[in-house]
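Asks: sequence-free structure coming up:
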């Protein structure tokens, strides 16, 4: 005889508990579980499930697709491997993990950890010391708290942090990283990435080609290893380094340093007391501020000093220079050795614009005799 009081799978599809340390489990599809007590545990294996726990120390797990998990209590843990899941935790010390596609994770409490492996995921944490990790493509990560950590491995990811001491890392191509707080660190390994930092003492590093790095805060550091990169710093004390060829470095603040190792690079500094150094050939160096120093080691470089009391030096052959009155210039004279076998540097030729016939705003290079000559072509 069948037990009339026995609960079927449909009876388990909707469960609710307000007691402390409750345990709720549903294996059917379209299940709903709710617990308002402390230390509750909820588990649903079916699709389209909804799990909600407002108590502390709650644990929620859903393996089906289209699940929604919400925990407002402290020390909550939420995990979903289904497609299209939504996880929201507002309490402190929360942990959220979603492996499915199109997942949405949001944590407003402190010390939260969010991880999404699926594509097109969205992660947002407003609490302090949060850590966000997304491995899928087209992911979006946002953290407004202090000391946040954001990491994305997929292409076309977007990472944004408004708090200080934030760390943003993107491995995929076409990623966007933005930090508004001080002492932020942004790292992008893929090509065509964009990194932007507005706070002071920020560090931006890019390994891929065709990347853009912009820093608005003082004493920022920008480093790009890929070719055709663009580095821009607005405030004083910035440090810009480009290793790839055909890169562009621009600094508007005083006491900035620009270093380019690749060929065909362009370095422009508008602030005073700036330092520009180019190692690759056919590079262009322009300094508008006074008391700036320009040094080029490569061949066929162009050096322009527009500020007063500046120095322009070229170690490579075939380079040319021009400056305002009072600029000290130095070019290297090359020629064959006594045996006529090797083309070597013979001597450094120095001069001062405004003296010995050297005119301001006029291009000069060395002739075969090692003498300054105009070359306005």
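Replies: Alright, I've got the coordinates. The structure presented is a predicted model; accordingly, all values stated were derived computationally and were not measured.
Asks: Now for the closest residue in space to residue 316 that isn't next to it in sequence: which residues touch it?
Replies: Among residues not flanking residue 316 along the chain, residue 299 sits closest, at 4.1 Å (CB to CB, 6 or more residues apart in numbering). In short, each C-beta sits where N, CA and C put it, glycine included. Counting by CB atoms under 8 Å, 6 or more residues apart in numbering, residue 299 touches 281, 282, 316, 317, 318, 319.
Asks: If you rank those residues by neighbours, which is first?
Replies: Among the contacts of residue 299, residue 319 has the most neighbours (other CB atoms under 10 Å), with 26 neighbours.
Asks: Just to check, that residue is in contact with residue 302?
Replies: Yes. Residue 319 lies in contact with residue 302 (CB atoms under 8 Å); the separation is 7.0 Å.
Asks: Which two of the contacts of residue 299 have the greatest separation?
Replies: 282 and 317 (11.9 Å; CB to CB).
Asks: Common neighbours of those two, please.
Replies: Taking CB under 8 Å, 6+ apart as the criterion, residue 282 and residue 317 both touch 299, 300.
Asks: Dead centre of this structure: give me the residue that sits there.
Replies: residue 186 (3.3 Å; CA atoms, centre = their mean).
Asks: check which helix or strand covers it.
Replies: Using DSSP states H and E, residue 186 falls within strand 185-188.
Asks: Next: residue 300.
Replies: Here residue 300 is assigned to no helix or strand, by DSSP H and E.
Asks: Report the separation between the residue nearest to it when sequence neighbours are not counted and residue 334.
Replies: Using CB to CB, 6+ apart and skipping the chain neighbours, the partner closest in space to residue 300 is residue 318 (4.4 Å). Counting by CB to CB, to the nearest Å, the gap from residue 318 to residue 334 is 8 Å.
Asks: what does residue 255 give?
Replies: In terms of CB to CB, residue 255 sits 33 Å off from residue 334.
Asks: Now for the residue lying closest to residue 271 once chain neighbours are set aside: which residues touch it?
Replies: Nearest non-adjacent residue to residue 271, counting by CB to CB, 6+ apart: residue 254, 3.9 Å away. Neighbouring residues of residue 254 by CB under 8 Å, 6+ apart: 236, 237, 271, 272, 273, 274, 289.
Asks: can you check residue 173 too?
Replies: 155, 156, 190, 191, 192, 193, 208.
Asks: Equivalent analysis for residue 139, please.
Replies: If you count contacts by CB under 8 Å, 6+ apart, then residue 139 has 116, 119, 120, 121, 122, 123, 152, 154, 157, 158 around it.
Asks: Please apply the same query to residue 319.
Replies: 296, 299, 300, 301, 302, 303, 331, 332, 365.
Asks: Ok, residue 180 next?
Replies: Residue 180 touches 161, 162, 197, 198, 199, counting by CB under 8 Å, 6+ apart.
Asks: cool, residue 140 as well?
Replies: 121, 122, 123, 134, 157, 158, 159 are the contacts of residue 140 under CB under 8 Å, 6+ apart.
Asks: same thing but 6 Å
Replies: For residue 140, the contacting residues are 122, 158, by CB atoms under 6 Å, 6 or more residues apart in numbering.
Asks: hey, where'd the helices end up in the stretch 51-200 of the chain?
Replies: In the stretch 51-200 of the chain, no segments count as helices under DSSP state H, counting those that start in this stretch.
Asks: now it, which segments are flagged as low pLDDT?
Replies: 55, 65, 145-146 (pLDDT under 70).
Asks: Residue 279 reaches residue 262, doesn't it?
Replies: No. The criterion here is CB atoms under 6 Å, and residue 279 misses it with residue 262 at 7.9 Å.
Asks: more crowded one of those two?
Replies: Neighbour totals were compared for residue 279 and residue 262, and residue 262 leads with 23 against 19 (other CB under 10 Å).
Asks: Distance check, the more buried one against residue 214.
Replies: Distance, residue 262 to residue 214, by CB to CB: 19 Å.
Asks: what does residue 16 give?
Replies: 52 Å.
Asks: Also residue 264?
Replies: The separation that residue 264 has from residue 214, given CB to CB, amounts to 21 Å.
Asks: Report how many residues lie close to residue 144.
Replies: Neighbours of residue 144 using other CB under 10 Å come to 19.
Asks: Report the contact partners of it.
Replies: 126, 162, 163.
Asks: same thing with residue 152?
Replies: Residue 152 neighbours (CB under 6 Å, 6+ apart): 134, 139, 159, 170.
Asks: My read is that the first one contacts residue 120, right?
Replies: When you say that, I think you mean residue 134. No. Counting by CB under 6 Å, residue 134 sits too far from residue 120 to count as a contact (9.7 Å).
Asks: of those two, who's got more company?
Replies: Comparing residue 134 with residue 120 by other CB under 10 Å, the one with more neighbours is residue 134, at 32 against 18.
Asks: Quick check: beta-bridge partners of the more buried one?
Replies: Applying DSSP bridges to residue 134 gives these bridge partners: residue 116, residue 152.
Asks: and it, what does it touch?
Replies: By CB under 6 Å, 6+ apart, residue 134 lies in contact with 116, 121, 123, 141, 152.
Asks: In JSON lines: those, plus distance to residue 61.
Replies: JSON lines is the format used below for these (distance: CB to CB, whole Å):
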{"residue": "116", "distance to residue 61": "15"}
{"residue": "121", "distance to residue 61": "18"}
{"residue": "123", "distance to residue 61": "19"}
{"residue": "141", "distance to residue 61": "23"}
{"residue": "152", "distance to residue 61": "25"}
